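Peer 1: Dropping a prediction and its sequence here:
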Amino acid sequence: MKKQQIQNLLPFSLAPAFAGVMVWYYDIYVNWNSSIFPFAVAASSLAFLALAFSVIWPGKEKLGKKCLQIFALLLSYAAVLLGLSILINNVIYDNKRPGASVAMRFVLPLLALLVILLLIKPWRALSRKTKRGMAISLVVLACGFVLFMAIPANIPINAGEFVSKPEVPVEVEKNFSIEGFSIIYGPGAGVTEIAAAGILADTLSEITEDEFIAGEAAPTGLKEILVRSTADLGSNGYRIMARGESIVIEGGQRGVVYGAYRFLEKYFDCHWYTADLRVIPRGPAMIAQVVDEQFIPPFEYREMDMLSRADVTFSAANGLNGNNYRTMPEELGGTFGYNGLFCHTIINLFLRPDEFFDRHPDWYAWREDRNERVPRQLCLTNPEVLAQMIVEVRNQLEYGNGQPIVSVTQDDNEDFCQCAECKRVDEEEGSQAGTMLRFVNAIADDIKDDYPDALIDTFAYMYTRRPPKYMKPLPNVIVRLCSVECCFAHPLGDSDCAVNAEFAADLKGWSEISGNLYIWDYTTNYAFYNCVFPNFGVLQANMRFFAGHNVRGVYAQGNYQAAECDSEFAELRGYLLARLLWNPDIDYYAEMDGFLRAWYGGGWQYICEFIDLITANAGADKPHNKMGIYINPRENDLLNLTAKQIAYADTLWEKAIELADDETREHNVLRSRLSWRFWKGCNRVAEFDRWKLPPFRWPAASEQLYNDFIAFGITRFSEEFMLEPPTHWWGTPDSWRAWGKR
């Protein structure tokens, strides 16, 4: 081998090591959504080509020099861009992430490679123009490096100071005394009226420390609270009226109970925030003058699944009436919901493959892409399938739990049938909802005379989401539209958000043809339960959008596994959802403030400010894709915060901890802060920053975060996976999942 070839070999013999180090560096220091990996591959490939042409194939030295020149230019241009990025982000954009701090992670490898090329002899083969560009790039890069290091990452950059909003008490003239009032219900009162009267008596006794007794008596119109039923408000409506010296609270089957709770809330400021947190003020039996009010909730079915979901008192006080997670006793109005499973029933409840597939494979979906039948969906145009499903649904109605709704819903996959007949119907209807709705209508038509109060429920979900062109649901069919694909940084009715505009069009289409339209909405991040999910800005807008388009029932699915991973705002979100399901037009931020004050104590306004900060930032990055329910914490569509904002958020949490009134509220603050720390760890910022001084502190911060998860009882990572410690602490928290452990 010639001496010149050996000299050419020296820098490029580093290429394999360079590629390996860059991949490691990429994993430890740089976000997966950055561009260093393709850059490393491209640069390494050029280095290998230069090596091959210079050494392996004699006579190809010119090609080798050309590759070397391109390699050097590539490094130079990258260095200039990165240097400018650091300068611009520091000077103009205030160190915005992912700007200077992320760009800095490229600096050391580039500096090392440029120096290698300049110091080792083959650099002489480069043109003067290339060498001049390399020199300029080194100067720009060095300037960016010096400026960045002049503003250490561990010093907050003008973090700002939070100024709390003055809490001005709302002065309400209390000139009506209920001291000495009797709480009565008439002869022949039902169990709900008696229960509502008991709720009033017990709570008023607790408030005033005087004894209020509920009992049966004929109304006199003198100093009494009369509790009675009425048929003109449906099952859920109530009416509160002042009648001389008396007060009347009346309602339907459940409405009379709701009216009692509304009276206590409005006139005595009582709140049932969670199963374990209720606010019952103490004071005299003086209230503001009662103003007549009547309310019928827009949704007949109201269900959510956060932590307090199973508590019957919380549910009654906040208007939840579904039966997925609780059985409301008859005295609280009973439940209204599903007979059997409430989702994915055609395979998991009725025509189970383990029972029918071997004997009747033709009952199940034909897949063209696999050229076989699959036991994951049904062939909905097979008359034998329809006949058997009618038998199964009738059995459920006859022997089930007595609830009126039977769910006939597709399984959670997209293996819909592609046989000739199913395909023909779907093409005719312009949607796979065509075969599903024809199938469900046939069942509903068969049972309508024998079970006049029954309702057959089906999905508009994934491939069945788009309404069919011609088929309309029968009056005893519920269509449950699911928002699984949507963006939750923007309201579902936001026409400027492309994915939501498509959903809104489908919702409007279904509302025009269905008299029983329900919604299955999604309100958390199911892939990263333990990360902040800033959707508080859309919850009310979405509920109003549903109510404005004739939706009659809503299931607001949240973190239904929060008992294993309560590290964000599960109780707050659950309370707000319950209140919105009851009345989408509540004073949303007053409800939020009340909860925060009671749950977090004296520093509640700092947490409120944090929520406002992340909510305002959600989905603000341009161009915007969507903040979906499986979004990775590293994606800018979730949050894209500046260094100032991150430092400011940290000060908010510290102040909230400092001002917590007691150990319980401090515990609540520390628990909720885990989700913020998780986001910071995933994005390598603040105490998790790889450039924070002194160096190599982030592994300890990661280990402490994991230990705090365990201390707070966090054992679940996501809907699919449990939490598991990593083999080392050099990575990021989004990898702490136990694959294969559900």
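Peer 2: That came through fine.
Peer 1: What segments of the stretch 551-700 of the chain are helices?
Peer 2: Taking DSSP state H, counting those that start in this stretch as the test, the helices found in the stretch 551-700 of the chain are 570-582, 588-600, 604-617, 643-659, 663-683, 698-711.
Peer 1: any idea which of the ones you listed is most buried?
Peer 2: The highest mean neighbour count among those, using mean count of other C-beta atoms under 10 Å, belongs to helix 570-582: a mean of 25. To be clear about C-beta, it is placed using only N, CA and C from the backbone, and glycine gets the same treatment.
Peer 1: For the most centrally placed residue in the chain, give me its contacts.
Peer 2: For the chain, the residue nearest the mean C-alpha position is T524 (1.7 Å; C-alpha atoms, centre = their mean). When contacts are counted by C-beta atoms under 8 Å, 6 or more residues apart in numbering, T524 is found next to 533, 535, 557-559, 568, 573, 629.
Peer 1: returning to what we had before: so which of the helices of the stretch 551-700 of the chain gets nearest G430?
Peer 2: Closest to G430 of those is helix 570-582 (C-beta to C-beta; 32.4 Å).
Peer 1: how much space between the residue nearest to the centre of the chain and S567?
Peer 2: In this view, T524 and S567 are 12 Å apart by C-beta to C-beta, to the nearest Å.
Peer 1: in which helix or strand would I find R480?
Peer 2: strand 477-482 (DSSP states H and E).
Peer 1: neighbouring contacts of the following helix or strand past that strand?
Peer 2: Using DSSP H and E, the helix or strand that directly follows strand 477-482 along the chain is helix 498-513. Applying C-beta under 8 Å, 6+ apart, the set of residues contacting helix 498-513 from outside is 460, 465-467, 472-473, 479, 481, 483, 485-487, 490-495, 517, 519, 545-546, 549-551, 626.
Peer 1: buried subset of the residues you listed?
Peer 2: 460, 465-467, 473, 479, 481, 483, 485-487, 490-494, 517, 519, 545-546, 549-551, 626 (16 or more other C-beta atoms under 10 Å).
Peer 1: would you say G434 is within a strand?
Peer 2: No. Under DSSP: H, G, I helix; E, B strand; the rest coil, G434 falls outside any strand and is assigned helix.
Peer 1: Quick check: it touching V425?
Peer 2: Yes. At 4.9 Å, G434 and V425 qualify as touching, with contact defined as C-beta atoms under 8 Å.
Peer 1: Please identify which of these two sits among more neighbours.
Peer 2: A count of neighbours by other C-beta atoms under 10 Å puts G434 above the other of G434 and V425, at 24 against 21.
Peer 1: Between the contacts of T524, which sits nearest A541?
Peer 2: If you rank the contacts of T524 by distance to A541 using C-beta to C-beta, N535 comes first, at 10.4 Å.
Peer 1: Among the contacts of T524, name the ones in strands.
Peer 2: Q557 (DSSP state E).
Peer 1: Looking at the contacts of T524, which is nearest L638?
Peer 2: Comparing every one of those with L638 (C-beta to C-beta), the shortest separation belongs to F533, at 7.8 Å.
Peer 1: Contacts for stretch 536-547 next, please.
Peer 2: 298-299, 488-493, 504, 507, 519, 521, 523, 554, 573, 576-577, 580-581, 584-586, 588, 592, 611, 615-616, 618.
Peer 1: Now with 7 Å, please.
Peer 2: Taking contacts as C-beta atoms under 7 Å, 6 or more residues apart in numbering, the residues outside stretch 536-547 that touch it are 298, 488, 490-493, 519, 521, 523, 554, 576-577, 580, 584, 588, 611, 615, 618.
Peer 1: again, but for stretch 585-592
Peer 2: 540, 576, 579-580.
Peer 1: of the contacts of T524, closest to F696?
Peer 2: Taking C-beta to C-beta as the measure, F696 sits nearest to E568 out of the contacts of T524, at 29.0 Å.
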